[in-house]
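Chemist: 3D, please:
(chains A and B, ligands or ions: 2)
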Amino acid sequence: MKGPGLGNLIEIKGVTHAYKTKAGPLPVLEKLDIAVAEGSFCAVVGPSGCGKSTLTRLIAGLMFPDEGEVWLHGELVKSPRKTVGMAFQNPVLLEWRTILQNVILPLEIVAPRMPRRQKEARALELLEMVGLTGFEHKRPSELSGGMRQRASLCRSLVHKPDVLILDEPFGALDAFTREDLWQTMHELRQREPVTAVLITHDLRESVYLGDQVVVLSGRPAHTQHVMDIPIPGPRPLDMLYNKDSVDRLAVLRKQIQIAQGRTGNEERAS
Amino acid sequence: MQINWQKILVPIIAMAILVGFWEWLVWYKGWRTFQMAAPSDLWPAYRRHEALFWQYGWQTLWRTVAGLAIAVVVGTFLGMIMGLSRIMNDALYPILVGFNAIPKATVVPVIALIFIGQHDFNTVLMAFLISFFPIAVSVAIGLSTLEPEYRDILRSLGASRFTVFWKIALPKTLPEFFGALKVAATLAFIGTNLVEIITPHGRGLGHLFQSAQTNSDFPLMFAVLIALAVLGIFLYYVVVALERIFAGWAERRPT
Ligand SMILES: Nc1ncnc2c1ncn2[C@@H]1O[C@H](COP(=O)(O)OP(=O)(O)O)[C@@H](O)[C@H]1O
Ligand SMILES: [Mg+2]
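Modeler: Ligands and ions are numbered 1, 2, ... in the order given. Here you go, the predicted model:
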């Protein structure tokens, strides 16, 4: 079997997947292709329920496609791997642990033999980057939603993953907090180089954070449109208001409308 | 810290009024000790049989705790199976609900007949049978309602199912578990007493109660009831203390 293209850390080739449900198979992904170069951010947008979260689970090796292949780092994904980090819309912090202990969690799995002090030093370094210094011994319930999401990002990065999978991590935050976190994300990228797939339903977010935006069609999802955004980071927030960005957003909006059109009726029926 | 006198005094006064009324009623009606006991009769009754109270109380307590301990192990295990496997849940749940619906007093003679003479065993078995259900259900619900993201953050790193269970699912279920354990402790206590009273065999506070009843010794009966209440309260607060230690994080702290 042929390996992935050179320089692409994530390569999704012809992935097709259906869930088995009581009402029969539910096709979710259909001949999906995505390639993400090492160190770049791929923003994925698409109608809700089109299969974006399914895609993240396939990349993480939590599920396997019916057809097609997922390659990470030149290796076919056949099982979960320690070099993946995940963050979700729900920060899922463990309430009985402090923020610091929460961030350390992946290291307990990936590097159980690492000395405790070293784990903590690594976690503190990340917490400092996202501006949570001073909160490391607080419980998650004592933090605001935005701060919890920052802690969740730290947890997803603590074990220095090659691949970061972000499934609408800012989706539940208010607009101002969200923009703060976008900027934090750019700052993090500078210090923690990582290849990422960012699922989002916010087109501005996809343009601000993505080096590439992939628009998925309605269910079953295939790659409908790919847009490159060759602007080096960190990007200033007001770049969203320049002519290029406005044009890009217009194109993406058009694409989303096409994507929704395909399943518009189904969506209303279900 | 300011002591809240109202919180301490009001229950004490309420209790005193109740006891005072009871004492007055017995005195006013002129009931004798084979008709009804007054609060002032209880202490002498206790003193007369003090050694028995401690001996039988201990028997009731250890058999309840042993039954409860088995219920915790088996209930957690069943809950784990049902919470982690949909098929096992569908298979076991109706059986458990059906078993739980049987009035437990009817089970006592059955057990007594099957395991004739095995009094300690019978009592512990009953305490276990009556109390494992809430534990199994709470653990099953706690595990099956675990949001998939919690699982995924560890599974995506290649963690085993056991690791996910140990690091996330189990601690996350602890608040529900202790809620159920409080109910289970009370139930186990009832189970022990059922056996001691229905099939008396010279052991436990239930037996003391039984023999007091045979003699219409009301002061002794009431003294046993109060001793049982004290044991029950003790057991309950031990569980509360354990809850504070192991699931204190779930308590809502004042903000
Ligand atoms: N475990 C599952 N079993 C059956 N159907 C599922 C399962 N998970 C998701 N689905 C269905 O698959 C479709 C895609 O889900 P998902 O990938 O979560 O979409 P998205 O993240 O884009 O909103 C949805 O219609 C959803 O109802
Ligand atoms: Mg989703």
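Chemist: Not counting its neighbours along the chain, what's nearest residue 133?
Modeler: The chain I'm using is chain A. The spatially closest residue to A:Thr133, leaving aside those adjacent along the chain, is A:Leu127, at 6.1 Å (C-beta to C-beta, 6 or more residues apart in numbering or on different chains). No exception for glycine: its C-beta is placed from N, CA and C like everyone else's.
Chemist: oops, chain B please
Modeler: Closest residue to B:Phe133 in three dimensions, ignoring its sequence neighbours and counting by C-beta to C-beta, 6+ apart: B:Asn100, at 4.5 Å.
Chemist: pLDDT at the one you found, what is it?
Modeler: According to the prediction, B:Asn100 has pLDDT 88.
Chemist: Could you check how far it is from ligand 1?
Modeler: When C-beta to the nearest ligand atom, to the nearest Å is applied, the distance between B:Asn100 and ligand 1 equals 31 Å.
Chemist: And the helices in chain B?
Modeler: B:5-29, B:39-48, B:50-84, B:86-101, B:107-114, B:119-144, B:148-155, B:161-164, B:170-198, B:204-214, B:218-247 (DSSP state H).
Chemist: and what of chain A?
Modeler: Listed in chain order, the helices of chain A (DSSP H) span residues A:52-59, A:99-110, A:116-129, A:145-157, A:175-191, A:203-209, A:243-269.
Chemist: Off-centre distance for the second one?
Modeler: What separates the centre of helix A:99-110 from the centre of its chain is 19 Å, taken as C-alpha atoms, centre = their mean, to the nearest Å.
Chemist: Now do that helix and helix B:148-155, the angle between them.
Modeler: Here helix A:99-110 points in a direction 50 degrees away from that of helix B:148-155 (axes from the mean of the first three to the mean of the last three C-alpha atoms, to 10 degrees).
Chemist: With the last one instead?
Modeler: Helix A:243-269 and helix B:148-155 meet at an angle of 120 degrees, taking the same axes, to 10 degrees as the criterion.
Chemist: Against which helices or strands is helix A:243-269 packed?
Modeler: Packing contacts for helix A:243-269, counted by 3 or more C-beta pairs under 8 Å, 6 or more residues apart in numbering or on different chains; DSSP states H and E, involve helix A:203-209, strand A:212-216, strand A:223-228.
Chemist: I figured B:Phe53 was touching B:Leu228, is that so?
Modeler: No. Between B:Phe53 and B:Leu228 there is no contact under C-beta atoms under 8 Å: 10.6 Å.
Chemist: Identify the contacts common to those two.
Modeler: Residues touching both B:Phe53 and B:Leu228 comprise B:Leu205, with contact defined as C-beta atoms under 8 Å, 6 or more residues apart in numbering or on different chains.
Chemist: on that earlier part again, closest to ligand 1 out of the helices of chain A?
Modeler: Of all those, helix A:52-59 sits nearest to ligand 1, with 3.2 Å by C-beta to the nearest ligand atom.
Chemist: Spell out which parts of the stretch 101-250 of chain A neighbour ligand 1.
Modeler: Contacts of the stretch 101-250 of chain A with ligand 1, taken as C-beta under 6 Å from any ligand atom, are absent.
Chemist: Identify the residue of the stretch 101-250 of chain A closest to ligand 1, quick one.
Modeler: When distances are taken as C-beta to the nearest ligand atom, the stretch 101-250 of chain A approaches ligand 1 most closely through A:Arg219, which lies 6.0 Å from it.
Chemist: Give me the nearest residue to that residue, chain neighbours excluded.
Modeler: Nearest in space to A:Arg219, with sequence neighbours left out and distances taken as C-beta to C-beta, 6+ apart, is A:Cys50 at 4.8 Å.
Chemist: what residue ranges in chain A score low on pLDDT?
Modeler: For chain A, the stretches flagged by pLDDT under 70 are A:1-6, A:262-270.
Chemist: Next, the buried residues of stretch B:213-233.
Modeler: Within stretch B:213-233, the residues that count as buried by 16 or more other C-beta atoms under 10 Å in any protein chain shown are B:217-224, B:227-228, B:231-232.
Chemist: just curious, which of those is nearest to B:Gly179?
Modeler: If you rank the buried residues of stretch B:213-233 by distance to B:Gly179 using C-beta to C-beta, B:Gly232 comes first, at 17.3 Å.
Chemist: ok, the closest one - contacts?
Modeler: Applying C-beta under 8 Å, 6+ apart, the residues contacting B:Gly232 are B:186, B:189.
Chemist: So it versus A:Val246, what's the distance?
Modeler: Counting by C-beta to C-beta, to the nearest Å, the gap between B:Gly232 and A:Val246 amounts to 72 Å.
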